[in-house]
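Enquirer: here is my input, please return the structure:
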Amino acid sequence: MNVSIGVIIALYLLVATCLVLLSDKASVYVDLLDKKTTLSGAFIGGVMLSAVTSLPELFTSISSALLLDKPGLAMGNILGSNLFNLVILSILVPLFLTTFTKVNIAKSHFMVGLFTWLIFGALALNYTGILDLSLASISLTSVVIIVLYVCGIRCLSQEESSFEDGDDQNPLTVQQVLLRFVVVAVGIVTLSICITYLTDDIATTFNLGNGLAGALFLGIATSLPELASSIVLFRMGNYNIAIGNIIGSCIFNFMILGFTDVLYLGHGIYDFSDPKTINLLFFGAIATPLFLLMTRYNKKSVCIATSVGIIACYLAFLVV
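Expert: Numbers count the residues shown, from 1 in each chain. Just a heads-up that it's a prediction; the model follows:
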């Protein structure tokens, strides 16, 4: 049955909206777990919250590769999501510049950002053929990505908690919060798979490349949870959790590539056939060190300059 492109786009917008609402709800439950445990804000944002808001990237990437057999769509999704995540931070930081520059940014965020940058390097080596090697049908690039992700998690887990007991007034128990979280996560998974198929229909109808379609339709739609949760966290002044969510999502997204490569059974997830994918890799590799400068030296001049630079990278990707 043929469905008009107008209906497909309307469904896409509906699914994307529901995805944001569910992910926002999941963020609330993760925040409750933060208040009911002694885990650090860096760990909460960089691991727990980022894993929740990155569920769309996880299942859309798996669906793109395994169900649609379009690894290029998965590559565009991950690289596009990461660049868009940094743009989110670059828009919010100038809006909250006065208070943001007064906060001590956790050192672990810088380290996770550094590991993320190294992953960009590994992908670049894969593209040039230097790291395009396989070990038991698993790309050596995937092994590097997973190792660097584990290193990032270790850095975040070593951060000490700054939360003080007594501020949690919510009557829900930890078990009740976890149950609600699981229900919301199932909804996120379902919508993520739906939006993959809708994106494929849009890309086919408008004759878009997999890299461009993945970056615009999948990359932005699956980054909406990060956008919604980051806005809330910035308004609350929880900058460390917000930054952890952004950079944690970026490195988690790369881990998704490695995981998908394993499931793809040696077919090769690292597809650079679309020029837009190469552009995403290039501009993402430039934007990530700007993030490092922003978190290492969160002074007004540095924050403004790096924010402008990251936004310029995204705009350049759209134009080039």
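
Enquirer: the strands in this structure, which residues?
Expert: Under the criterion DSSP state E, the chain carries strands at the ranges 134-135, 138-139.

Enquirer: tell me the most buried of these?
Expert: Most buried of these by mean neighbour count (mean count of other CB atoms under 10 Å) is strand 138-139; its value is a mean of 20. (C-beta placed from N, C-alpha, C; glycine too.)

Enquirer: check which helices and strands that one sits against.
Expert: Secondary structure elements in contact with strand 138-139, counted by 3 or more CB pairs under 8 Å, 6 or more residues apart in numbering; DSSP states H and E, are helix 239-263.

Enquirer: what segments of the stretch 201-320 of the chain are helices?
Expert: For the stretch 201-320 of the chain, the helices defined by DSSP state H, counting those that start in this stretch cover 210-213, 220-236, 239-263, 275-296, 300-319.

Enquirer: got these as TSV, with mean pLDDT, mean neighbour count and distance to L14 columns?
Expert: Shown next, in TSV, are those (pLDDT from 0 to 100; neighbours: other CB atoms under 10 Å; distance: least, CB to CB, whole Å):
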stretch	mean pLDDT	mean neighbour count	distance to L14
helix 210-213	58	26	19
helix 220-236	77	22	11
helix 239-263	88	26	23
helix 275-296	93	21	26
helix 300-319	94	17	25
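
Enquirer: and those: which comes nearest V7?
Expert: helix 220-236 (17.0 Å; CB to CB).

Enquirer: pLDDT-wise, which helix or strand of this protein ranks last?
Expert: The weakest-scoring helix or strand in the chain, judged by mean pLDDT, DSSP states H and E, is helix 210-213 (a mean of 58).

Enquirer: so A228 sits against T17, correct?
Expert: No: at 10.5 Å, A228 does not count as touching T17 under the criterion of CB atoms under 8 Å.

Enquirer: what stretches of the stretch 51-200 of the chain score poorly on pLDDT?
Expert: Within the stretch 51-200 of the chain, the segments meeting pLDDT under 70 span 135-137, 159-169, 196, 200.

Enquirer: which residues does the residue nearest to F96 when sequence neighbours are not counted contact?
Expert: Leaving aside its chain neighbours, F96 sits nearest to F234 (5.3 Å; criterion: CB to CB, 6 or more residues apart in numbering). With contacts defined as CB atoms under 8 Å, 6 or more residues apart in numbering, the neighbours of F234 are 92, 95-96, 242.

Enquirer: show me which positions of stretch 7-25 end up buried.
Expert: 8, 11-12, 15-16, 18-25 (16 or more other CB atoms under 10 Å).

Enquirer: from the chain's centre, how far out does it sit?
Expert: Taking CA atoms, centre = their mean, to the nearest Å, one finds stretch 7-25 lying 17 Å from the centre of the chain it belongs to.

Enquirer: please apply the same query to stretch 98-108.
Expert: How far stretch 98-108 lies from its chain's middle: 21 Å, per CA atoms, centre = their mean.

Enquirer: buried sites along stretch 60-77?
Expert: Buried residues in stretch 60-77, counted by 16+ other CB under 10 Å: 60-66, 68, 70-77.

Enquirer: of those residues, which pair is most distant in space?
Expert: Going by CB to CB, the pair spanning these furthest: L66 and G76, at 16.1 Å.

Enquirer: and L131, how many neighbours?
Expert: L131 has 18 neighbours, counted by other CB atoms under 10 Å.

Enquirer: T288 and L89, how far apart?
Expert: 11 Å (CB to CB, to the nearest Å).

Enquirer: over to W117?
Expert: 15 Å.

Enquirer: contacts only, for the closest residue to A242 other than its chain neighbours.
Expert: Leaving out its chain neighbours, the residue that sits closest to A242 by CB to CB, 6+ apart is L233, at 3.8 Å. L233 makes contact with 45, 239, 241-242, 245 under the criterion CB under 8 Å, 6+ apart.

Enquirer: cool, thanks, talk later.
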